[in-house]
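**Student:** would you be able to build a 3D model of this:
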Amino acid sequence: VQLQASGGGLVQLGGSLRLSCAASGSIFSITAMGWYRQAPGKQRELVARIISGSSTNYADSVKGRFTISRDNAKNTVYLEMKSLKPEDTAVYYCNAERVVLVPFEGPYDYWGQGTQVTVSS
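**Tutor:** A predicted model of the protein is given here:
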């Protein structure tokens, strides 16, 4: 299974970005998908997570600004980021939790390669 993230980049204070992450491989099901971020010198932290039934949870710091969504048919998760702040600058990683493979192997967790988001002031 591979997770391919895209959509990062450089944006000004108050700007917007949309991240995408597509999971590919012999996937039967994915329980949850999410986005984490890691800024220099800091630990990786949860940004947003969505479970297959569309239940979501967000870090307090991004509530009201970020929206996570998922296309189950495409095994793809999106993160719409608005009103970006310099403190949102980090490498963003997508994650797939409890992935069951065909034919019914697992579950396993997977990580994408990370995409850089930089917000300039």
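**Student:** which residues sit against stretch 30-45?
**Tutor:** 19, 21, 23, 46-52, 59, 68, 70, 72, 75, 77, 79, 87-100, 107, 114, 117 (C-beta atoms under 8 Å, 6 or more residues apart in numbering). Any C-beta I mention is one placed from the backbone N, CA and C, and that applies to glycine too.
**Student:** weed out the non-buried ones from those residues.
**Tutor:** Neighbour-count burial (16 or more other C-beta atoms under 10 Å) applied to those gives 19, 21, 23, 47-51, 68, 70, 75, 77, 79, 88-97, 99-100, 114, 117.
**Student:** among the contacts of stretch 30-45, which are located in strands?
**Tutor:** For these, the ones inside strands are 19, 21, 23, 46-51, 68, 70, 77, 79, 90-100, 107, 117, with DSSP state E as the criterion.
**Student:** in stretch 21-30, which residues are buried?
**Tutor:** Quick answer for stretch 21-30 (16+ other C-beta under 10 Å): 21, 22, 23, 27, 30.
**Student:** as JSON lines, these with distance to residue 2 would be great.
**Tutor:** JSON lines is the format used below for these (distance: C-beta to C-beta, whole Å):
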{"residue": "21", "distance to residue 2": "10"}
{"residue": "22", "distance to residue 2": "9"}
{"residue": "23", "distance to residue 2": "7"}
{"residue": "27", "distance to residue 2": "10"}
{"residue": "30", "distance to residue 2": "13"}
